[in-house]
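[1] When you get a sec, could you give me coordinates for this:
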Amino acid sequence: MGDLHRRLDALGPAIQELMKLSGTPGLSLSVVTKNRPVYHANYGFRDLQNRLPVTEETIFPVCSLAKGLSAAAMGILVDQGLASWEMLVKDATPSFHPNDIYLYNNTTLADLYSHRSGMSSCGNLVGGCEGNILIGKDDCMRVVNHQTLVPAHLGSFAYNSTAYDACDESFKSLGGTPLDDFLQQHVFSELGLRRTFMRPPPSDADNVTKSYNALDDGTPWCIPGPKLGEDGIGCGSGGLRSCAADLVKLYTCFVQSFNHERHTGQSSTQGSPLKQVWKIMSPHVPMPSTERGEVSYGLGWARVQLPNTMGHIGLNGRLMPHGMPVIGKE
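    Numbering: from 1, shown residues only. Got it, this is the predicted structure:
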């Protein structure tokens, strides 16, 4: 294990150079293998002006990682018999009533969680400058219901954060509790995640990173933090805030639960609050890729079979003139 530490430490200069090029002021890095953490390193600052360093417990906005937790919450309801993945969304919540009759009569929960519903998306119109959300909580489902069917996307992967508002509303209707409150009580508390939230952290929380954007010359510029999760808006699609110490615990639990369920055929794991993890993390729709290895999407989870390129979701690939690098080469 000492050799692993030395090899990871040796990556420090390259990591710092990448941070400089991308205008990233701070980073918290953890490595887990065989269900236990084996390495942690911090780089840079959570607050550049006051030179406050990043630590293992620095809270960052981790945004779209919320999707996997949104699906996990629904998985608990499925395991309790309150829902099923193939349940029609119109049967899960009466607020789902899109103008498009096909979407209304055929869209299932699994379709929404896996981005294969064929529903159009307007996520880029909902988010405004300085992290502001341009719609109110009562307008979320109105926005969803005004989406149309895109035939070319039906049954195919088309990333759609807008649809996750319908997932959140379905969860609340079926479970009787808002998604953020449910996860706090039934997952975060159970796993001892004291610094993980599906909304902006409490105003008195310490060790919270400031948000930065990069100017054209790579200089970090402080901006207001993202507001996803406030009043429940965009909670399940991008409201997650957490720290490296908590995420290590969370994802170790996901991997342990997945492996146990896959080997036993059961839908739960003793000591884990998570249910239906094998179903959630299994492939539900292929993602566009020119690589030979599998690239797919589960329910809130992107999957890549290594060796392969990563970055199939997000903007990084567009910034790489020769494409994303292959990870996991021997």
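[2] As a check, name the ranges of all strands in the stretch 1-150 of the chain.
    Secondary structure of the stretch 1-150 of the chain (DSSP state E, counting those that start in this stretch): strands at 26-33, 36-47, 52-53, 60-63.
[3] Sorry, wrong one. I was asking about the stretch 151-300 of the chain.
    According to DSSP E, counting those that start in this stretch, the strands that the stretch 151-300 of the chain contains are 211-214, 220-223, 240-242, 285-286, 295-297.
[4] These into TSV, with extra columns for mean pLDDT and mean neighbour count?
    To be clear about C-beta, it is placed using only N, CA and C from the backbone, and glycine gets the same treatment. What follows is those, written out as TSV (pLDDT from 0 to 100; neighbours: other CB atoms under 10 Å):
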stretch	mean pLDDT	mean neighbour count
strand 211-214	94	15
strand 220-223	96	15
strand 240-242	98	26
strand 285-286	96	16
strand 295-297	97	21
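[5] Any idea which of those gets closest to S84?
    strand 285-286 (18.1 Å; CB to CB).
[6] Show me what the closest one is in contact with.
    Strand 285-286 has contacts (CB atoms under 8 Å, 6 or more residues apart in numbering) with S114, H115, R116, G155, S156, F157, E294, V295, S296, Y297.
[7] Give me the nearest residue to the third one, chain neighbours excluded.
    Meaning R116. V285 (4.4 Å; CB to CB, 6 or more residues apart in numbering).
[8] Next: P325.
    Closest to P325 by CB to CB, 6+ apart is T309, at 6.9 Å.
[9] So what's the residue count around that neighbour?
    Applying other CB atoms under 10 Å, we find 20 residues neighbouring T309.
[10] Now do the contacts for it.
    With CB under 8 Å, 6+ apart, T309 has these contacts: S289, E291, G317, G323, M324, P325, V326, I327.
[11] Which pair of these spans the longest distance?
    S289 and P325 (14.7 Å).
[12] sorry, back to before: could you redo the strands of the stretch 151-300 of the chain as a markdown table and give each row distance to H40?
    Listed next are those as a markdown table, based on distance: least, CB to CB, whole Å:
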| stretch | distance to H40 |
| --- | --- |
| strand 211-214 | 22 |
| strand 220-223 | 23 |
| strand 240-242 | 15 |
| strand 285-286 | 34 |
| strand 295-297 | 29 |
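[13] What's the per-residue pLDDT of the nearest residue to R36 once chain neighbours are set aside here?
    With sequence-adjacent residues excluded and distances taken as CB to CB, 6+ apart, R36 is closest to T252, at 7.5 Å. T252 is assigned 97 on the pLDDT scale.
[14] Tell me the spacing between T252 and I327.
    Taking CB to CB, to the nearest Å as the measure, T252 falls 21 Å from I327.
[15] same check, this time on A10
    18 Å.
[16] Could you do N106 as well?
    37 Å.
[17] more crowded one of these two?
    N106 (16 against 12).
[18] right, and the more buried one touches K90 too?
    No: N106 is beyond contact range of K90, at 9.4 Å (criterion: CB atoms under 8 Å).
[19] re earlier: could you say which of the strands of the stretch 1-150 of the chain is packed most deeply?
    strand 60-63 (a mean of 19; mean count of other CB atoms under 10 Å).
[20] Check which helices and strands that one is in contact with.
    strand 240-242 (3 or more CB pairs under 8 Å, 6 or more residues apart in numbering; DSSP states H and E).
[21] picking up where we left off before, mind giving me the ChimeraX select for the contacts of strand 285-286, buried ones only?
    Filtering the contacts of strand 285-286 down to the buried ones (16 or more other CB atoms under 10 Å) takes a single ChimeraX command:
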select :114,115,116,157,295,296,297
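[22] now the contacts of strand 285-286 as a markdown table including distance to V126?
    Shown next, in a markdown table, are the contacts of strand 285-286 (distance: CB to CB, whole Å):
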| residue | distance to V126 |
| --- | --- |
| S114 | 21 |
| H115 | 17 |
| R116 | 21 |
| G155 | 25 |
| S156 | 23 |
| F157 | 21 |
| E294 | 32 |
| V295 | 27 |
| S296 | 27 |
| Y297 | 21 |
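[23] thinking again about what came up before, ok, of the contacts of T309, which one's closest to A66?
    Of these, the one sitting nearest to A66 (CB to CB) turns out to be G317, at 21.5 Å.
[24] quick one, what contacts that closest one?
    T309, G311, G323, M324.
[25] can you tell me which of these lies nearest to S257?
    Of the contacts of G317, the one sitting nearest to S257 (CB to CB) turns out to be G311, at 26.3 Å.
[26] Kindly provide the distance from the closest one to E294.
    16 Å.
[27] before we move on, what about D246?
    In terms of CB to CB, D246 sits 29 Å off from E294.
[28] for P151, same thing?
    26 Å.
[29] mind showing which ranges of the stretch 1-150 of the chain have poor pLDDT?
    1 (pLDDT under 70).
[30] ok, how many other residues are close to M324?
    15.
[31] Can you check the pLDDT for it?
    Note for M324: predicted pLDDT of 88.
[32] residues in contact with it?
    Counting by CB under 8 Å, 6+ apart, M324 touches T309, M310, G311, N316, G317.
[33] Quick check, central residue of this protein?
    With distances taken as CA atoms, centre = their mean, the chain has L65 as the residue nearest its mean C-alpha position (1.5 Å).
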